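A.B. asks: Here is a sequence with its predicted model. Questions after.
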Amino acid sequence: MSLPVIVVGLSHKTAPVDVRERFAADKEILPEILASLARRPELEEAMFLSTCNRVEVIALSKRGKPAEQATLLASGAIREVLRDHIGASSVEELSEWLYEISGDAAVRHVFRVASSLDSMVLGEPQILGQVKSAYDAAVASGALRSHLSRCLSHAFTVAKRIRTETQLGAGTVSISSVAVDLARRIFGDLSESTVLLVGAGEMAEAAAKSLGRGARAVRVCNRSFDRAAHLASTFGGTAAPLDQLETELVMSDVVVASTASVHYVVTRDLVRRVMKQRKGRTLFFIDIAVPRNVEPLVHELDNVYVFNVDDLEQEVLENMKARRQEVAAAEAIIDSEMREWSAWARGLDVAPTVIALRARTRGMLMTELERTLSGRLKHLGDADRAALLQMMESATNKLLHAPTTRLKAAAQSSESNDLVEALVDLFDLPAVLEGEDEPEIASEKRPARERTSVIVSRS
């Protein structure tokens, strides 16, 4: 049995940008979504990932029910949270775009996403940081705790291996660099063009690095002027606050927009005013933000062209040829890590039986030892009593070593279910597994110090 991981979401493969931006969540609304997921009784743990190319809920369904039923309930809960998030009238409205993956396939998907094997830009480095940020937010909210947290930690290890052992991330191909390549294709070497970066975050910084010093001038316009000035200083550019955007647009030829705003930063009315001042000179917008920064109607204005992240996909394909040769090596690493993960996850299936078996055996032996020490051997001193206790503990460990080892080994195959059922039947373990207190193991449930004092103290 695999760990009940489930992924429900949408990406650039299943939904256009105008749909993806409806599902996206910024830092302000993310805590509310995580709280909604954490409140759902169908889910044990959950994480919400929102990037320019995907929105996914990664969750662990509630155990204790048949796997198929648990997955169905978890899926319904996630879809209801997403419905409420985008203000849809019904869950059915979402079905056109959403995909769903569960079990080992879901874990593999998480590994591939973190490793940038499922990104629009194969091998791009930003996704790992975005997954880690989503992980940190989920942990901070209390929505991510145990087994799912371990799954994500394992995904980070996988991504690091792929980055280190393959050439999947070689070069500087990213959404930002592809946007710059598109600008160069349109304007040549950009030596006669002024490029404006609207936004000063990670994507804008990557675009600035891709631009180098090839453009005639690079300017940065951002809501936080200090941040704009800091980014501009790294490549000798000029900074301006966002309230001067209209002036900046008048001076620019290529605009790369990548702010975190949930509303349009560049509107049709704004650009119409700008174009009058530019006297018809062509203006290109490359909008790599989700939600989009540039109102789609801007593209309808004369001599104004708007490209968004979906429009960049063909450019991406041209830049991916070399990296695609590394996919096989990266997938082989994921295959190896999946075997390790699956072995650990299957071990969870037998762990309760191992614990129950040890509790049953130790409880019976300790009960008999206490009875003997209060009867025929009540004359023994403290040192002898302690020695008998140690002998009983050692005998328990040796007696159960072989069955425990074989049960854990069998967890890696289909034999584990048969062995678990046999042990439960032979040792009468169901009540222990259900958490019932039984007289036979009452002493096992006492703290270790109390148990020792009962045996060592004389009646």
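C.D. replies: That came through, no problem.
A.B. asks: how close does the residue nearest to the spatial centre of the chain get to A137?
C.D. replies: Centroid-nearest residue in the chain, with C-alpha atoms, centre = their mean: V131, separated by 4.9 Å. Plainly put, V131 is 11 Å away from A137 if you go by C-beta to C-beta, to the nearest Å. Where you see a C-beta, it was placed from the backbone N, CA and C, and this is true even at glycine.
A.B. asks: Then E246?
C.D. replies: Going from E246 to A137 by C-beta to C-beta gives 35 Å.
A.B. asks: what sits against T267?
C.D. replies: Residues in contact with T267 (C-beta atoms under 8 Å, 6 or more residues apart in numbering) are 295, 298.
A.B. asks: If we use 7 Å, what do you get?
C.D. replies: Taking C-beta atoms under 7 Å, 6 or more residues apart in numbering, we find T267 in contact with E295.
A.B. asks: ditto for V91
C.D. replies: 79-80, 83.
A.B. asks: run the last query once more with 10 Å
C.D. replies: If you count contacts by C-beta atoms under 10 Å, 6 or more residues apart in numbering, V91 has them with 75-76, 78-80, 82-84, 98.
A.B. asks: now swap in P4 and tell me
C.D. replies: For P4, the contacting residues are 43-44, 59-63, 65, 67, 70-71, 74, 102-103, 106, 147-148, 345, by C-beta under 10 Å, 6+ apart.
A.B. asks: residue ranges with poor pLDDT in the stretch 151-300 of the chain?
C.D. replies: Where the stretch 151-300 of the chain drops to pLDDT under 70, the residues are 171-173, 211-214.
A.B. asks: circling back to that earlier point, who's more crowded, E246 and A137?
C.D. replies: Neighbours were counted for E246 and for A137 using other C-beta atoms under 10 Å; A137 has more, 21 against 13.
A.B. asks: For the closest residue in space to that one that isn't next to it in sequence, the count of nearby residues, please.
C.D. replies: Of all residues not flanking A137 in the chain, L30 sits nearest, at 5.7 Å (C-beta to C-beta, 6 or more residues apart in numbering). Residues contacting L30 under the criterion other C-beta under 10 Å number 17.
A.B. asks: L30 contacts S50, doesn't it?
C.D. replies: Yes: with contact defined as C-beta atoms under 10 Å, L30 reaches S50; the gap is 7.4 Å.
A.B. asks: Tell me how many other residues crowd L312.
C.D. replies: Using other C-beta under 10 Å, L312 is surrounded by 23 other residues.
A.B. asks: Buried subset of the contacts of P4 as a PyMOL selection?
C.D. replies: Typed into PyMOL, the line below selects the buried ones among the contacts of P4, using 16 or more other C-beta atoms under 10 Å:
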select buried, resi 43+44+59+60+61+62+70+71+74+102+103+106+147+148+345
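A.B. asks: Give the intersection of the neighbour lists for L30 and S50.
C.D. replies: Counting by C-beta under 10 Å, 6+ apart, the residues touching both L30 and S50 are 133-134, 137.
A.B. asks: List the buried residues of the helix or strand hosting V220.
C.D. replies: Assigned by DSSP states H and E, V220 belongs to strand 217-222. Residues of strand 217-222 classed as buried: 218-222 (neighbour count, 16+ other C-beta under 10 Å).
A.B. asks: Just the closest of the residues you listed to T361, please.
C.D. replies: N222 (66.3 Å; C-beta to C-beta).
A.B. asks: about what we covered before: the contacts of P4 in strands, which ones?
C.D. replies: When those are checked against strands (DSSP state E), the matches are 43-44, 59-61, 102.
A.B. asks: Which residue is the nearest non-sequential neighbour of A345?
C.D. replies: Spatially, and ignoring its direct neighbours in sequence, A345 is nearest to L3 (4.3 Å; C-beta to C-beta, 6+ apart).
A.B. asks: So for that neighbour, what's the pLDDT?
C.D. replies: If you check L3, the pLDDT there is 78.
A.B. asks: For burial, what's the neighbour tally of it?
C.D. replies: Neighbourhood size, L3 [other C-beta under 10 Å]: 22.
A.B. asks: That one reaches S342, doesn't it?
C.D. replies: Yes: with contact defined as C-beta under 10 Å, L3 reaches S342; the gap is 8.9 Å.
A.B. asks: Overlap in contacts, the two.
C.D. replies: Residues touching both L3 and S342 by C-beta under 10 Å, 6+ apart: 103-104, 107.
A.B. asks: who does the one helix or strand A208 maps to touch, helix- and strand-wise?
C.D. replies: Element membership of A208 [criterion: DSSP H and E] is helix 202-211. Using 3 or more C-beta pairs under 10 Å, 6 or more residues apart in numbering; DSSP states H and E, the elements in contact with helix 202-211 are helix 126-141, helix 175-187, strand 194-198, strand 217-222, helix 225-233, strand 254-257.
A.B. asks: Try it again at 7 Å.
C.D. replies: On a contact count with 3 or more C-beta pairs under 7 Å, 6 or more residues apart in numbering; DSSP states H and E, helix 202-211 meets helix 175-187, strand 194-198, helix 225-233.
A.B. asks: neighbouring strands for the second one, and are they parallel or not?
C.D. replies: Paired strands of strand 194-198, with direction, are strand 217-222 (parallel), strand 254-257 (parallel) (DSSP bridges).
A.B. asks: With only the CA atoms kept, save the shortest one in PDB.
C.D. replies: C-alpha atoms of strand 254-257 as PDB (Å, rounded to 0.1, in the frame of the first residue of the first chain):
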ATOM      1  CA  VAL A 254      10.200  46.800 -24.500                       C
ATOM      2  CA  VAL A 255       8.400  46.300 -21.200                       C
ATOM      3  CA  VAL A 256       8.900  43.100 -19.200                       C
ATOM      4  CA  ALA A 257       6.200  43.000 -16.500                       C
END
